[in-house]
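Participant: Got a sequence here, can you model it:
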Amino acid sequence: MSDHSSPQDPPGIPGETTAGGDPRPAAARRIERERLLELLDPWPSRWAIEVVYETGSTNADLVARLKEARGVPFEPSVRVAYSQTAGRGRRGRPWLATPGNALLFSLGYLMPRAPDRLAGLSLALGAMIVDGLRTLPLDASGRLSLKWPNDILLDGAKLAGVLVETVWSTRDATALVVGVGLNINGANELEQQIASLHETLRATLPTIPVALSRAWPHAALTPVLGAVLNALAVGLERFGRHGFEPFRDTWIAKHAYADQEVVVLEQGDEMARGIAYGVDEQGQLLIRTPQAIRAIATGDVSLRLAASVDSPARPAPGLSACGACTGGLPTAAVSTAGLCPSGLPPGGVPASDAPAPALPGAGKPPATGCAREQQPHNDDA
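Facilitator: Residues are numbered from 1 along each chain as shown. Predicted coordinates:
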């Protein structure tokens, strides 16, 4: 483990209570070096692991490092940050996190496969993370599920997301950076914010955010990081040997929308509708339409339950007019709960894969306050 660990009590990490008075020891909200080493299996314990209080983006940090060492074999490395000022989710969406409330880290990994043999990696990573979380003392691990292509859900709400970036490749290997954002603490705060929404608006949120502390009141950053890294160490080595095939059945068994009517959106427009059927050997989503079973590849698309698409709601009185900036939350909630100006939950994981609605003046920067920027698209794998 790297010596670049955070101080014993990093600045800005809450101590004995949250802003809402929820008692929680400071240790639960920081990475404890010695404890992490005790929890890690032999191989990941030898990885270079560094923890910083703040950075722009852990993914960007590792991508820059790997570019400098293009073509040179390297050992896995992990970079953890309590706060990311330019963190990104899928399709380049920015995200923010309240320090200590979310586990935000990236893993640099040399996969012994060419880029054209990485199909299904994002889905496999989701299955790996679920396997890791199931080793923790959750109230009911069975409530964990997977949403295509790269979301981990808890009780149907978004717990975590994964972003995969390829940096360089050779004929038989690919340098990857895997970014993970996982809501750990703040369950009470998240539930209060969701409860404050107008009922009709709550019903149309594609994926409501949730924190792990909902299923594990004593959730802490260190054991969660240890469990996830152990699972990634085993899973990535397995993927390197066999690809997506050994993860497919696990993914299908945890498919959140299995046998439900879903809609696939591309740039906000419906491109397919049918019954979620599973995934194929390449990790493509299979949906059963009246005509046939259709395979949907990952890319600039998002998946929604049909019910949420077919029942649009108007913003309730008192809600911000800028749904793209606040996700429809009351303006007060945005300022007090630390929501990102693009509708992201305080834990740091994007609340939804759904594109923002078209608004008057779209494409022009708002007069004040909005930081929603168009960023380069990054495929999932």
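Participant: now the helices: where do they sit in the stretch 151-300 of the chain?
Facilitator: 187-195, 199-204, 221-242, 245-253 (DSSP state H, counting those that start in this stretch).
Participant: worst average pLDDT in those helices?
Facilitator: Lowest mean pLDDT within these: helix 199-204, a mean of 52.
Participant: Domain-wise, how is this protein divided?
Facilitator: 28-256, 257-309 (the TED database).
Participant: highest average neighbour count across these?
Facilitator: Between the domains of the chain, the one whose residues have the most neighbours on average, counting mean count of other Cβ atoms under 10 Å, is domain 28-256 (a mean of 20). C-beta here means a position set from N, CA and C on the backbone, and glycine is covered the same way.
Participant: Check the separation of the first and last residues in that one.
Facilitator: When the termini of domain 28-256 are compared using Cα to Cα, to the nearest Å, they are 29 Å apart.
Participant: just stretch 32-49 next, same as before
Facilitator: End to end - Cα to Cα - stretch 32-49 spans 12 Å.
Participant: surely residue 307 meets residue 257?
Facilitator: No - the pair residue 307 and residue 257 does not pass the contact test of Cβ atoms under 8 Å, sitting 10.9 Å apart.
Participant: Tell me the pLDDT of residue 268.
Facilitator: The model reports residue 268 with a pLDDT of 84.
Participant: for the residue nearest to residue 283 when sequence neighbours are not counted, what are its contacts?
Facilitator: The shortest distance from residue 283 to any residue that is not its chain neighbour, by Cβ to Cβ, 6 or more residues apart in numbering, is 3.0 Å, and that residue is residue 120. By Cβ atoms under 8 Å, 6 or more residues apart in numbering, the contact set of residue 120 is 243, 244, 247, 248, 279, 281, 282, 283, 381.
Participant: for these, which one is nearest residue 104?
Facilitator: For residue 104, the closest of these turns out to be residue 381, at 20.2 Å, with distances computed as Cβ to Cβ.
Participant: Any stretches of the stretch 201-350 of the chain with poor pLDDT?
Facilitator: When the per-residue scores of the stretch 201-350 of the chain are filtered using pLDDT under 70, the ranges that remain are 201-207, 311-350.
Participant: what about residue 174, distance to residue 115?
Facilitator: For residue 174, the distance to residue 115 equals 5 Å [Cβ to Cβ, to the nearest Å].
Participant: what residues are shared contacts of those two?
Facilitator: Between them, residue 174 and residue 115 share the neighbouring residues residue 166, with contact defined by Cβ under 8 Å, 6+ apart.
Participant: hang on, residue 139 packs against residue 218?
Facilitator: No - here residue 139 lies out of contact with residue 218, judged by Cβ under 8 Å, at a distance of 11.0 Å.
Participant: ok, and what's touching stretch 227-238?
Facilitator: Looking at stretch 227-238 with Cβ under 8 Å, 6+ apart, the contacting residues turn out to be 39-41, 43-44, 47, 49, 76, 78, 103, 107, 109, 111, 124-125, 127-129, 131-133, 135-136, 178, 180, 182, 246-247.
Participant: Just these: which are in strands?
Facilitator: When the contacts of stretch 227-238 are checked against strands using DSSP state E, the ones located there are 49, 78, 103, 107, 109, 111, 178, 180, 182.
Participant: So the fifth one is in contact with residue 174, correct?
Facilitator: No - with the criterion set as Cβ under 8 Å, residue 109 and residue 174 do not qualify as a contacting pair; they are 9.0 Å apart.
Participant: would you say residue 54 is within a helix?
Facilitator: No - counting by DSSP: H, G, I helix; E, B strand; the rest coil, residue 54 is not part of a helix but strand.
Participant: tell me the contacts of it?
Facilitator: By Cβ under 8 Å, 6+ apart, the residues touching residue 54 are 81, 82, 83, 84, 85, 99.
Participant: quick one: the nearest residue to the second one once chain neighbours are set aside from residue 157, how far?
Facilitator: Translated: residue 82. For residue 82, the nearest residue in space outside its immediate sequence neighbours is residue 99; the separation is 4.2 Å by Cβ to Cβ, 6+ apart. With distances taken as Cβ to Cβ, residue 99 is found 22 Å from residue 157.
Participant: just residue 57 next, same as before
Facilitator: Between residue 57 and residue 157 the computed distance is 25 Å (Cβ to Cβ).
Participant: just residue 245 next, same as before
Facilitator: Between residue 245 and residue 157 the distance is 30 Å, computed by Cβ to Cβ.
Participant: What's the end-to-end length of stretch 117-124?
Facilitator: One end of stretch 117-124 to the other measures 13 Å (Cα to Cα).
Participant: What segments of the stretch 201-350 of the chain are strands?
Facilitator: 261-266, 269-279, 285-288, 293-296, 301-305 (DSSP state E, counting those that start in this stretch).
Participant: Out of those, which is closest to residue 153?
Facilitator: Of all these, strand 301-305 comes closest under Cβ to Cβ, at 11.8 Å.
Participant: Direction included, what does the closest one pair against?
Facilitator: For strand 301-305, the pairing partners within the sheet under DSSP bridges are strand 261-266 (antiparallel).
Participant: For the strand it pairs with, list the C-alpha coordinates in CSV.
Facilitator: Extracted in CSV, the C-alpha atoms of strand 261-266 (Å, rounded to 0.1, in the frame of the first residue of the first chain):
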residue,chain,number,x,y,z
GLU,A,261,-41.1,-3.7,-19.7
VAL,A,262,-38.3,-1.4,-20.4
VAL,A,263,-37.5,1.5,-22.8
VAL,A,264,-34.0,2.1,-24.3
LEU,A,265,-33.4,5.8,-24.9
GLU,A,266,-30.8,7.3,-27.2
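Participant: can you give me the angle that strand makes with strand 269-279?
Facilitator: Strand 261-266 and strand 269-279 meet at an angle of 130 degrees, taking axes from the mean of the first three to the mean of the last three Cα atoms, to 10 degrees as the criterion.
Participant: begin at 839 from here
Facilitator: In the new count, where the first residue is 839, that last one comes out as strand 1099-1104.
Participant: Now do strand 1099-1104: everything it contacts.
Facilitator: Outside of strand 1099-1104, the residues that reach it under the criterion Cβ under 8 Å, 6+ apart are 1108-1114, 1123, 1125, 1134, 1138-1145, 1147, 1192-1193.
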